[in-house]
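> Fold the following for me, if possible:
(one chain, ligands or ions: 2)
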Amino acid sequence: MRIALIGYGKMGKEIEQIALSRGHQIGLIIDQENQADLHAENLKNIDVAIEFTNPDSALGNYQICFEANVPVVSGTTGWLDKIDLVKEKCQLGSGFFYASNFSLGVNLFFELNKKLAALMAPFSEYNADMEEIHHIHKLDSPSGTAITLAEGIIENHPKKTKWIEAASMKEDELSIFAKRHGSVPGTHSITWHSDVDEISIQHLAYSRKGFALGAVLAAEFMPEKKGFFGMKDLLKL
Ligand SMILES: NC(=O)C1=CN([C@@H]2O[C@H](COP(=O)(O)OP(=O)(O)OC[C@H]3O[C@@H](n4cnc5c(N)ncnc54)[C@H](OP(=O)(O)O)[C@@H]3O)[C@@H](O)[C@H]2O)C=CC1
Ligand SMILES: O=C(O)C1=N[C@H](C(=O)O)C[C@H](O)C1
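Ligands and ions are numbered 1, 2, ... in the order given. As a prediction, this is how the structure comes out:
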């Protein structure tokens, strides 16, 4: 496959290594400094674009790829207020794959989190909160993964109706505490507290390799596909 890498930062470089090791070619690399090179002519022989940039540039990058009929795999977080525009494009025939977190471990953790929330539903003595820790360069907060985890709790626990990035005493609010330390690749913990004990589940990424492998597997899934896809389609969870 010929891949366009849009965003050549920490993730773009990690994805390049994995893609090459799986026999793919990198046909185009776009970063902030050469973003004007992202156009239909340069996308002509590209099978799939993998986009990891930032919340402000993601949507514009997708639109250029859609116009060129190139499917997009994206892991950029913090842009989901515009997701309806992307879904409309997918209904018109574009191909798009999105995951707030591409690692297998986190996607298993998403399912475990939902099951634990459902298990806790009848037991009002337990209340949940969440902590996420990332490197100091991260632009968005809370993380996309934390938001997906919060949505999993809200869908499966009748008392929780929204998340808030602050300490909350309100029963219907799920508190998320975001911390930024050094070069942490990504740690997410959910704790259910009662007066007498607590139950915690945690996912801790050792490196970015798990995210990058998931993104390349998604790219291998995408050529010729039309519509909006996610990790549930890839992993059959
Ligand atoms: N879904 C997942 O599994 C994961 C998602 N992420 C998300 O991916 C995104 C990128 O993360 P990461 O690689 O760590 O960030 P980096 O800041 O290391 O890399 C982003 C890169 O995008 C470049 N860039 C900025 N604007 C544009 C543009 N218009 N066109 C092309 N490139 C551009 C930046 O250039 P410059 O440095 O010059 O600004 C930079 O090189 C974040 O939103 C992060 O949250 C991260 C890990 C896993
Ligand atoms: O910015 C990062 O680094 C990460 N971003 C994603 C997120 O916002 O959840 C995924 C992972 O946690 C790393």
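> Doesn't residue 202 belong to a helix?
No. Using DSSP: H, G, I helix; E, B strand; the rest coil, the assignment for residue 202 is strand, not a helix.
> Residue numbers of the chain in contact with ligand 1?
Contact residues (C-beta under 6 Å from any ligand atom) of the chain with ligand 1: 6-12, 30-32, 35, 52-54, 57, 61, 75-78, 99-102, 140, 211. In short, each C-beta sits where N, CA and C put it, glycine included.
> And the buried ones among those residues, selectable in ChimeraX?
Typed into ChimeraX, the line below selects the buried ones among the residues of the chain next to ligand 1, using 16 or more other C-beta atoms under 10 Å:
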select :6,7,8,10,11,12,30,52,53,54,57,61,75,76,77,78,99,100,101,102,140,211
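> Looking at the residues of the chain next to ligand 1, which are in strands?
6, 30 (DSSP state E).
> show me which of the residues of the chain next to ligand 1 neighbour ligand 2.
77, 100, 101.
> So the first one versus residue 236, what's the distance?
What that stands for is residue 77. Counting by C-beta to C-beta, to the nearest Å, the gap from residue 77 to residue 236 is 24 Å.
> For residue 105, the count of nearby residues, please.
Residues near residue 105, counting by other C-beta atoms under 10 Å, number 15.
> ok but it is inside a strand, no?
No. Secondary structure of residue 105 (three-state DSSP): helix, not part of a strand.
> Show the pLDDT at it.
Note for residue 105: predicted pLDDT of 98.
> Go ahead and confirm it touches residue 206.
No. Contact criterion C-beta atoms under 8 Å: residue 105 and residue 206 do not qualify, at 9.8 Å.
> Can you check which residues contact both of those two?
Jointly contacting residue 105 and residue 206 under the rule C-beta atoms under 8 Å, 6 or more residues apart in numbering is no residue at all.
> give me every residue that touches residue 147.
So residue 147 contacts 80, 100, 163 (C-beta under 8 Å, 6+ apart).
> Could you look up the SS state of it?
Under three-state DSSP, the three-state class of residue 147 is helix.
> what separates it from residue 171, distance-wise?
20 Å.
> what about the helices in this structure?
10-21, 58-67, 83-91, 104-120, 144-156, 209-221, 231-235 (DSSP state H).
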